[in-house]
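**Student:** generate a structure from the sequence data that follows.
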Amino acid sequence: MGFINKEILPAADGELLDAYSNSLSQAVDLVGPAVSRIERVGGQGGHGSGFAVSPDGLIVTNNHVVDDARIVRIKTPDGFVTEGRVLGRDPDTDIALIRANNSVGAWARLGDSKRLKRGHIAIAIGNPLGFEWTVTAGIISALGRSMRAANGRLIDDVIQTDAALNPGNSGGPLVSSNGEIVGVNTAVIQGAQSIAFAVASNTANFVISEILRFGRVRHAYIGVAADTIDLHRRVALHAGVAQTTSVRLRRLEPSSPADRGGLQEGDVILAINGMPVAGVDDLVRMMDGDRIGQETEFLVFSVQGLIEKKFVTPTDRPSL
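**Tutor:** Residues are numbered from 1 along each chain as shown. Here you go, the predicted structure:
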C-alpha cells in the first residue's frame, strides 16, 4: 500500500501563472531582438515582419510580404534601419529569403517542428497593423494542415494556432516556450475566431537551403494534400517501420501523378524509396527537384487495410 504525504500541497495559482509568464517572457527575450519590420522598396508598398536566422543578416519572411520587390527596407527593434536584397522566394510555400546589406545584430534559431504537439504554447511576434513588435500567445491547435497559397497552390505542413495574428504579422516567427522558432506566420481567416496559420519551421528550413543552393526552390509535383497522423503500432510492426507518426492522403488531384500511380485518398504513406515518412515535412523535403521524372516507390497502408508498394513518377509543377 502506498504512502501519501499529506504535507505536499499543490502549487498556488500565482506560482503557476508566474511560471507561465516567465516561460513566455524568456522566449520573447530570446527571439524578439531578431524580429524586424520589412517594407517593400519600389513597386507596390506594403509591410510585414521577418526574422534573422544567421549572424550575417539572412532574414526569413513571407513571399507575399516582399511580393515583386527586389529591395526591402529592414527596421530592427533597436531602431537600426538598413536595406536588403531578396535572394529568392517560393510562392508554393509562401517563404522568401532576404540578405540584409548590414548585420542586423541578433538572430534566432529555427527549431524542429516535428517535435510539436497539439496544446504546446505558441508565441507570435510581429508588427500587426503598424503596432511594432507586438507579442501574442496561444497554443498549437493542429499540425500538418494544408492551405491555399496566394497563387492558388496548396501549402502543406502548416501549423494551426490560436495566437492572435493580424495583417503585418505575416513573415514573423511562431515561437515555442523554449525560445525556438517553430513556424513562419503566414495567414489568418478573416471573420474566424482564433484560427491562424504558420508554415512549419522544417519546411522553411528546406526552402532556405534550396534558395541558398539554387536561387529557387525545386518542387516535384505528385498532386496530393496530406495530414500528419499518429501511426498505429500494429501497422508499423507489420510494415517494418519504426516511426510513430506518418502521412495520410486527404485529397488527390484528378489525373495527377499520384492518381495515375494508384494512390488513393485515405492511403497512409509509410516510406518513400525506403526512407521513412513521419510527417508532411518529410513528404515536402523528399519531393524536391531531383525526383522529377524519376519513378519513385511509395510504401503505403492502403484504405483497403493492406501494406502495398505503389510507384509514382513526379512531374515538374504545372503552371497555373
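
**Student:** the protein: helices as residue ranges?
**Tutor:** Chain-ordered helices for the chain, with DSSP state H as the definition, fall at 13-31, 63-66, 201-214, 233-239, 257-260, 280-286.

**Student:** to A137, which of those lies closest?
**Tutor:** Among the helices of the chain, the nearest to A137 by C-beta to C-beta is helix 13-31 (5.7 Å). For every residue, glycine as well, the C-beta is placed using N, CA and C.

**Student:** what comes up buried for that closest one?
**Tutor:** Judged by neighbour count using 16 or more other C-beta atoms under 10 Å, the buried positions of helix 13-31 are S23, L24, A27, V28, L30, V31.

**Student:** which residues does the third one contact?
**Tutor:** Which is A27. Applying C-beta atoms under 8 Å, 6 or more residues apart in numbering to A27 gives the contacts I123, V175, S176, S177, N178, G179.

**Student:** now with 10 Å?
**Tutor:** For A27, the contact set (C-beta atoms under 10 Å, 6 or more residues apart in numbering) comprises I121, I123, I125, V135, A137, V175, S176, S177, N178, G179, E180, I181.

**Student:** just the buried members of these?
**Tutor:** I121, I123, I125, V135, A137, V175, S176, G179, E180, I181.

**Student:** residues touching the fifth one, list them.
**Tutor:** This means A137. So A137 contacts 20-21, 23-24, 27-28, 121-125, 161-164, 175, 177 (C-beta under 10 Å, 6+ apart).

**Student:** now do the residue nearest to it when sequence neighbours are not counted, the pLDDT please.
**Tutor:** Spatial nearest neighbour of A137, chain neighbours left out: I123 (4.9 Å); criterion: C-beta to C-beta, 6 or more residues apart in numbering. We have a pLDDT of 96 for I123.

**Student:** hey, what's I123 bridged with?
**Tutor:** Following DSSP bridges, I123 is listed with bridge partners A137, V175.

**Student:** good, wrapping up.
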